[in-house]
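Novice: Fold the following and give me the result.
(2 chains)
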There are 2 protein chains.
Amino acid sequence: MGASPGYRPSAWVHLLHQLPRADFQLRPVPSGFAPREQEYQQALLLVAALAGLGLGLSLIFIAVYLIRFCCCRSPEPPGAKSPPSGGGCATWSCIAALLVGCAGIGIGFYGNSETSDGVSQLSSALLHANHTLSTIDHLVWETVERLGEAVRTEMTTLEEVLAQRMELVAAARGARRQAEAVAQQLQGLAFWHGVPVSPLQVAEDVSFVEEYRWLAYVLLLLLVLLVCLFTLLGLAKQSKWLVVVMTAMSLLVLVLSWGSMGLEAATAVGLSDFCSNPDTYILNVTQEETGLGSDILSYYFLCNQEVSNPFQQRLTLSQRALANIHSQLQGLEREAIPQFPAAQKPLLSLEETLNMTEGNFHQLVALLHCRSLHKDYGTALRGLCEDALEGLLFLMLFSLLAAGALATTLCSLPRAWVLFPPSDDYEDTDDDDPFNPQESKRFVQWQSSI
Amino acid sequence: MGASPGYRPSAWVHLLHQLPRADFQLRPVPSGFAPREQEYQQALLLVAALAGLGLGLSLIFIAVYLIRFCCCRSPEPPGAKSPPSGGGCATWSCIAALLVGCAGIGIGFYGNSETSDGVSQLSSALLHANHTLSTIDHLVWETVERLGEAVRTEMTTLEEVLAQRMELVAAARGARRQAEAVAQQLQGLAFWHGVPVSPLQVAEDVSFVEEYRWLAYVLLLLLVLLVCLFTLLGLAKQSKWLVVVMTAMSLLVLVLSWGSMGLEAATAVGLSDFCSNPDTYILNVTQEETGLGSDILSYYFLCNQEVSNPFQQRLTLSQRALANIHSQLQGLEREAIPQFPAAQKPLLSLEETLNMTEGNFHQLVALLHCRSLHKDYGTALRGLCEDALEGLLFLMLFSLLAAGALATTLCSLPRAWVLFPPSDDYEDTDDDDPFNPQESKRFVQWQSSI
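Specialist: Numbers count the residues shown, from 1 in each chain, chains lettered A, B, ... in the order given. This is a model prediction of the structure:
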């Protein structure tokens, strides 16, 4: 009945899950999620190391390109006949790369907020599950307490009042036994009582880590944005020092981009392994951590018609005992009150307690049903495996675009820089039309046409 | 117990809700959500009309600016001494405006996806509520059917078998009456049976509208993006015809931006009125549409400890009747089977039916509890009043930025256009460095220095 909010692995999960994995000796590693196994950890580190390889390759490419550029340029005498060729092309490619970088930043902001959304879904589902579990605990405790109090006071009073008629005392004793049985059965329903793991704690830990992850990405995105904007400004103003500073910054941000790329790739691959078959892993881990029976955990994590409610018998027995108490109290009311008016007060009080217990019992039945907790589980999985994973993929796209754009910029900037006017003669450049190279020429023409 | 997933109006809702409203005669209108009242409709139309006013003002401003520009320019003779001043400034402001427009487009994409998220939360909550309601209906129907079948067949067989001992037949008749009473009580629990409103239908309608709204915004955003990029291209290539076409397109998109702004403002204001106090409105509308009792609706929409479960009595009575049937069947088993072995088969079959009924009953108790449906209600409200409203505000920011950017572009483009070279002499312009107006001048210097 609870299959509706179920989670199904997305196409991205399947795709990432099917990528081959290998450990440090390049032996294939099965792609089941096993974060505690050394081989699996090595496989994830190897995925992260691919980004390091990318960084190394792009640095080598940039170095070779720039060395070639410098070597081909230096033998040229200062008074050479041809002007430095391809300078415009260099600036244009630089601008295009920076625009791509800016688009990447937009994608990065989107991916960051998407990941954050997914993780906050996860932690709010954990909080809701915690609320359900603690409410079950509280309700059981309250009901048992109330029943015990009623048995200790009203039931004893009643027995004392009815002491003269043994069959009535026997009926009251029967009701007392049933009430004690109900309390006994109910105590067994507080299955989370004394479990050392708290979903609240997990949710707080997840939110704490996510807060810093989010902040770190926002800072990285702002850094890339600032580098792009100041590089554009440097090109527009033809400011040599700004371009030099931005070249150094670009190098730094290139390293950061590839680094974040490695983290994202490893996380995405690990997450896809987890998300392709989360039930088994979660069941095992929860069983280890909580020590709860596998029947209870399967009931909540699977929640389909094949898994029967492990509390069904306790619930049915409590329900029957409650109904028996009710009929016994009604019998006593009929028989005893005409003869012993003093029995009316404890009997009415007992019936009120019984009604409250029945109300609490229905709430307990509702809370113990797998529907609510299974829905939280589904929400948490969807947050993690759909939104957060999708956000991670967008962040990977951002890192890739940023790395590409910055590498292109690093190659182009020195070439554009060479074309800048040699000194501060052109301070008024920024007042001119940036897309109108003929402006100054035309101004000369105008003046000469006077 | 269900207060945890509750919804609280955000600061934006309070802010928008406190804005003054007026009808067409400018009389103040109370800001309670009343979409069927003419005055309230007029107030929302007036909010939308403010965007029309904005469009009118910006068109007048552009027209005055351009007329002033043309009139001040035309008396100037072709061989005037000064070059057209501020041309570079015009192009720069045009580029700055287009960059602001692009940032606005990014914000618009984010807002559109946020709104879409919110609405999909709403419709998935409706789908889940529909699933709960239809499961209740189905469970009740199945249980009643099964009980009726058992009463018709096994109970009759049992009575026929036990016909010789009247006290056993009386016990069997008692069980039959109790079973009929349970079926009667259960039928009253299918409270959504025969209600003409289906959350499924509402969810489908909402998704349908949202799909087209989303698509329309994506098209508008792409249109604005294309206009921005092609205008930039026109400026870079100094292509007169492209700039003319883009001026016309900018005018069209300016109108569209203000139009979307009006729609968004009216929707946001209406939504804030709804979201500031949704319970009352939703309760009234649902009561009108479904004809359900206010006790049931308050129970599900408020779901706090003050509102008691309207099904409590029915549930308690059914539970007691089920327990009574159980004890009667057990009594029959003890008494009858030794004497009438033929009674064993119907008795076992009846007990099996009873166990199934008890299982279904516990599921029904869980489904009927307000927790699940109230959580759906909270999710739907949060989707609509937090995510969708936030998305709408981002879309408003996009419209505002786009309108401002396009108005600035419309003012600047003709001024930049005037500065373009008069004919096709400068076809090679696009090969040059766009940020290097001295390039050509330097080229001349280089050549002359040989």
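Novice: buried stuff in stretch A:211-219?
Specialist: Going by neighbour count (16 or more other CB atoms under 10 Å in any protein chain shown), the buried part of stretch A:211-219 is A:Arg213, A:Trp214, A:Tyr217. For the C-beta atoms, the positions are set from N, CA and C on the backbone; glycine is no exception.
Novice: Buried residues in the helix or strand hosting the first one, which are they?
Specialist: Secondary-structure assignment from DSSP states H and E places A:Arg213 in helix A:199-237. Buried residues in helix A:199-237, counted by 16+ other CB under 10 Å: A:199-200, A:202-203, A:206-207, A:210, A:213-214, A:217, A:220-221, A:223-225, A:227-228, A:230-232, A:234-237.
Novice: before we move on, what about stretch A:333-345?
Specialist: Buried residues in stretch A:333-345 (16+ other CB under 10 Å): A:Glu333, A:Glu335, A:Ala336, A:Phe340, A:Ala343.
Novice: to the chain's geometric centre, what's the distance from it?
Specialist: Put simply, stretch A:333-345 sits 62 Å off its chain's centre (CA atoms, centre = their mean, to the nearest Å).
Novice: pLDDT of the helix ranked longest in chain A, averaged?
Specialist: Ranked by residue count and defined by DSSP state H, the top helix of chain A is helix A:87-150. Taken as a whole, helix A:87-150 has a mean pLDDT of 88.
Novice: Can you add distance to A:Gln25 and pLDDT and give the buried residues of stretch A:211-219 back as TSV?
Specialist: Shown next, in TSV, are those (distance: CB to CB, whole Å; pLDDT from 0 to 100):
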residue	distance to A:Gln25	pLDDT
A:Arg213	32	95
A:Trp214	37	95
A:Tyr217	34	95
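Novice: just checking, what packs against the helix or strand following the helix holding A:Arg213?
Specialist: Using DSSP H and E, the helix or strand that follows helix A:199-237 towards the C-terminus is helix A:240-276. If you count contacts as 3 or more CB pairs under 8 Å, 6 or more residues apart in numbering or on different chains; DSSP states H and E, helix A:240-276 packs onto helix A:11-17, helix A:38-73, helix A:199-237, helix A:389-418.
Novice: To B:Pro9, which of those helices lies closest?
Specialist: helix A:199-237 (23.2 Å; CB to CB).
Novice: For the closest one, name the packing helices and strands.
Specialist: By 3+ CB pairs under 8 Å, 6+ apart, helix A:199-237 packs against helix A:87-150, helix A:240-276, helix A:389-418.
Novice: Name the stretch among those helices that sits most buried.
Specialist: Compared across the helices and strands packed on helix A:199-237, helix A:389-418 shows the largest average neighbour count, a mean of 23 (mean count of other CB atoms under 10 Å in any protein chain shown).
Novice: pLDDT averaged over the helix or strand hosting A:Arg173, what's the number?
Specialist: According to DSSP H and E, A:Arg173 maps onto helix A:166-187. The average pLDDT within helix A:166-187 is 89.
Novice: Work out the gap between it and the centre of the chain.
Specialist: On CA atoms, centre = their mean, the centre of helix A:166-187 falls 49 Å from the chain's centre.
Novice: List the contacts of that helix.
Specialist: A:140, A:143-144, A:147-148, A:150-151, A:155, A:158-159, A:162-163, A:314, A:317-318, A:321-322, A:324-325, A:328-329, A:331-332, A:335-336, A:350, A:357, A:361, A:364 (CB atoms under 8 Å, 6 or more residues apart in numbering or on different chains).
Novice: Also near chain B: which of those, exactly?
Specialist: A:Leu322, A:Asn324 (CB under 8 Å from any CB of the partner chain).
Novice: Report the buried members of the contacts of helix A:166-187.
Specialist: A:140, A:143-144, A:147, A:150-151, A:155, A:158-159, A:162, A:314, A:318, A:321-322, A:324-325, A:328-329, A:332, A:335-336, A:350, A:357, A:361, A:364.
Novice: among those residues, which are in helices?
Specialist: Using DSSP H, the buried ones among the contacts of helix A:166-187 in helices are A:140, A:143-144, A:147, A:150, A:158-159, A:314, A:318, A:321-322, A:324-325, A:328-329, A:332, A:335-336, A:350, A:357, A:361, A:364.
Novice: For A:Tyr65, give its distance to chain B.
Specialist: Going from A:Tyr65 to chain B by CB to the nearest CB, to the nearest Å gives 20 Å.
Novice: A:Leu389 too?
Specialist: Distance from A:Leu389 to chain B, by CB to the nearest CB: 16 Å.
Novice: ok, now A:Glu159?
Specialist: If you go by CB to the nearest CB, the gap between A:Glu159 and chain B works out to 23 Å.
Novice: Look up the closest residue to that residue, ignoring the ones flanking it.
Specialist: A:Ala172 (5.1 Å; CB to CB, 6 or more residues apart in numbering or on different chains).
Novice: Please report the distance of the closest residue to A:Phe420 other than its chain neighbours from A:Leu252.
Specialist: Nearest non-adjacent residue to A:Phe420, counting by CB to CB, 6+ apart: A:Gln238, 4.6 Å away. For A:Gln238, the distance to A:Leu252 equals 23 Å [CB to CB, to the nearest Å].
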